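Enquirer: sequence first, predicted model second:
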Amino acid sequence: MDEQLGTDMDHVIAERLGLSENQVMTRRRKLNIARKETPRHATTGAKLFIENELMEKISRLEPFLVDRFRKLRVPIKSLEPAQVIESAIDYMLDHAEGGKLR
């Protein structure tokens, strides 16, 4: 199951494996894997503006996350800045909520 996490939306993976969406989401968050985004029309107007200082930090963090995902057998080559941010937030939330990622 782990190798499928982040490759498709949680509900699709859950249906494929006969699990609940919550089970898939919980496992994905535990492994700090960013979720697959819902396809959106390109004209939503939502853009992510990142200042240079933050972009430098994201660029430094991205290789560590990619390496972690590869060790978990997630087929990934790179992450977009928004995915790096989401992964970091997921990790911090899990840690704050007493998860087992410590």
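Expert: That came in fine, so what should we check first?
Enquirer: tell me where the model's unsure across the protein.
Expert: For the chain, residues meeting the criterion pLDDT under 70 lie at 37-48, 99-102.
Enquirer: 80 - rerun?
Expert: The model of the chain has pLDDT under 80 over residues 1, 35-50, 99-102.
Enquirer: quick one: the lengthiest helix in it to chain centroid distance?
Expert: Taking DSSP state H as the criterion, the chain has its longest helix at helix 52-71. Averaging C-alpha positions (CA atoms, centre = their mean, to the nearest Å) puts helix 52-71 12 Å from its chain's average.
Enquirer: so how far is the helix or strand following it off the chain centroid?
Expert: Going down the chain from helix 52-71, the next helix or strand is helix 81-96, by DSSP states H and E. Chain-centre distance of helix 81-96: 8 Å, with CA atoms, centre = their mean.
Enquirer: run the angle between helix 81-96 and helix 52-71 for me.
Expert: 70 degrees (axes from the mean of the first three to the mean of the last three CA atoms, to 10 degrees).
Enquirer: how about the longest helix of the chain as CSV, C-alpha atoms only?
Expert: The C-alpha trace of helix 52-71 is given here as CSV (Å, rounded to 0.1, in the frame of the first residue of the first chain):
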residue,chain,number,x,y,z
ASN,A,52,13.3,34.5,-2.1
GLU,A,53,14.3,33.7,1.5
LEU,A,54,11.5,31.1,1.9
MET,A,55,12.2,29.7,-1.6
GLU,A,56,15.8,29.1,-0.6
LYS,A,57,14.6,27.1,2.5
ILE,A,58,12.2,25.1,0.4
SER,A,59,15.0,24.3,-2.1
ARG,A,60,17.2,23.1,0.7
LEU,A,61,14.4,20.9,2.2
GLU,A,62,13.1,19.4,-1.0
PRO,A,63,16.0,16.9,-1.6
PHE,A,64,15.6,15.5,2.0
LEU,A,65,11.9,14.9,1.4
VAL,A,66,12.5,13.3,-2.0
ASP,A,67,15.1,11.0,-0.5
ARG,A,68,12.7,10.1,2.3
PHE,A,69,9.9,9.3,-0.1
ARG,A,70,12.3,7.1,-2.2
LYS,A,71,13.3,5.2,0.9
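Enquirer: this completes my enquiry, with thanks.
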